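Q: next input, structure requested:
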Amino acid sequence: MNGLQISILILSVAFALLGFFLCVSILGTATQDKRRVEKRVDKIASKKSGLTLQIQQRKKSRKTSLVNRAMNGGKQSVQRKKLMDTIFNELILADIMMKPEEFCLVWLSITFIPSGLAALFKLGLMPSVTLAAVGAFLPIIFIKIKKENRRKAFEAQLGDTLIMMCNGLKSGFSFQQTMENVASDMPAPIGMEFGRVCNEIRYGATMEEALNNMAERVKSPDLMLVVSAVLIQRTTGGNLSEILSTISETIRDRIKIKGEISSITAQGRMSGIIIGSLPVGIAVILMVINPEYMSTFFTTTAGNIMLSVSVIMEILGFFAIRKVVTIEY
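A: Model prediction:
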């Protein structure tokens, strides 16, 4: 498709939208007098004539249909709100300063614009589907990587934060006041998370609910250990500053061991990433550049068998390498 055809396509869509809005405006102008007469009849008529009864019946049916639409729309809006809240929490945990609507717009653009351009220039079905699949998964992978980096940064700050809270408790502050100090003095991400905990408590949530919500958001084993210790202390009693000091030392030792293990297994993890992603990356590139070559794997029996065996071996290799480089401590 050349530039002239693309321009004609854009102009056709623009004229179609313009015609739609013109029809709506003309229809509204044509029925304006009728709606005005119905209002006058409804106000002036003292008795319910056949005309007024018919008008009222129409109004009732319209109200009923509007109520039904509102109920269905309410259910859809609640589901949409839950989806947007989930996306918003994921963006916050990934430290991406975007609105959910903006992220969804970028997501749809990455998914459909490259595949649409491939279909527009007649590159074939396989490149279009491949580009759409890659565009759909890239934002998810990006958010997962950003969340993992944020969790690691949170755990790196947690030991110093617990020391700060211990000093505050020894100075006579309450536990909530120490959390407010952490929220105001510590940088992101730990300052932001404790700030959300303090805001939830101000808006009526209990201490247990706010701390559990933070543990659910961050999903850090070290933070879960801290939250469990604090909640147990609030139930059974004890010296909270000593408990937090002991947990802080434990977390520092865990971070030290984790760093040593990470340096030892870095070569194995990098080898696993390269070996695991290389066949997939080459297959995606060939699907876009030379789809006829890759179509053999989908159109012939031997190709299907080879593709199935390759996928199974790729999965087995991924789990084997992950088992080797994952060390529990």
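Q: tell me which residues touch Phe297, please.
A: 303-304, 306-307 (C-beta atoms under 8 Å, 6 or more residues apart in numbering). The way it works is simple: take the backbone N, C-alpha and C, and place the C-beta from them, glycine included.
Q: low-confidence ranges in the stretch 201-329 of the chain?
A: Within the stretch 201-329 of the chain, the ranges that satisfy pLDDT under 70 run 328-329.
Q: show me where it has its helices.
A: Using DSSP state H, counting those that start in this stretch, the helices of the stretch 201-329 of the chain run over residues 207-218, 221-236, 240-264, 266-289, 291-294, 296-299, 301-325.
Q: tell me which of the ones you listed approaches Pro100 most closely.
A: Taking C-beta to C-beta, helix 207-218 is the member of those nearest to Pro100, at 15.9 Å.
Q: which strands or helices does that closest one pack on?
A: Helices and strands touching helix 207-218, by 3 or more C-beta pairs under 8 Å, 6 or more residues apart in numbering; DSSP states H and E, are helix 50-93, helix 190-202, helix 221-236.
Q: and among the helices of the stretch 201-329 of the chain, the most buried is which?
A: For the helices of the stretch 201-329 of the chain, the largest average neighbour count (mean count of other C-beta atoms under 10 Å) is found in helix 207-218, namely a mean of 18.
Q: identify the residues contacting it?
A: For helix 207-218, contacts defined as C-beta under 8 Å, 6+ apart pick out 89, 92-93, 151, 154, 175-176, 193-194, 196-198, 200-201, 205, 223-224, 227, 230-231, 234.
Q: go with 6 Å
A: Here helix 207-218 makes contact (C-beta atoms under 6 Å, 6 or more residues apart in numbering) with 154, 193, 197, 200-201, 223-224, 227, 231.
Q: can you check stretch 245-260 too?
A: Contacts for stretch 245-260 (C-beta under 6 Å, 6+ apart): 158-159, 162-163, 166, 222, 226, 229, 329.
Q: tabulate those residues (a markdown table), appending distance to Asn213.
A: Output for the contacts of stretch 245-260, formatted as a markdown table (distance: C-beta to C-beta, whole Å):
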| residue | distance to Asn213 |
| --- | --- |
| Leu158 | 17 |
| Gly159 | 22 |
| Leu162 | 19 |
| Ile163 | 24 |
| Cys166 | 23 |
| Asp222 | 17 |
| Val226 | 14 |
| Ala229 | 17 |
| Tyr329 | 27 |
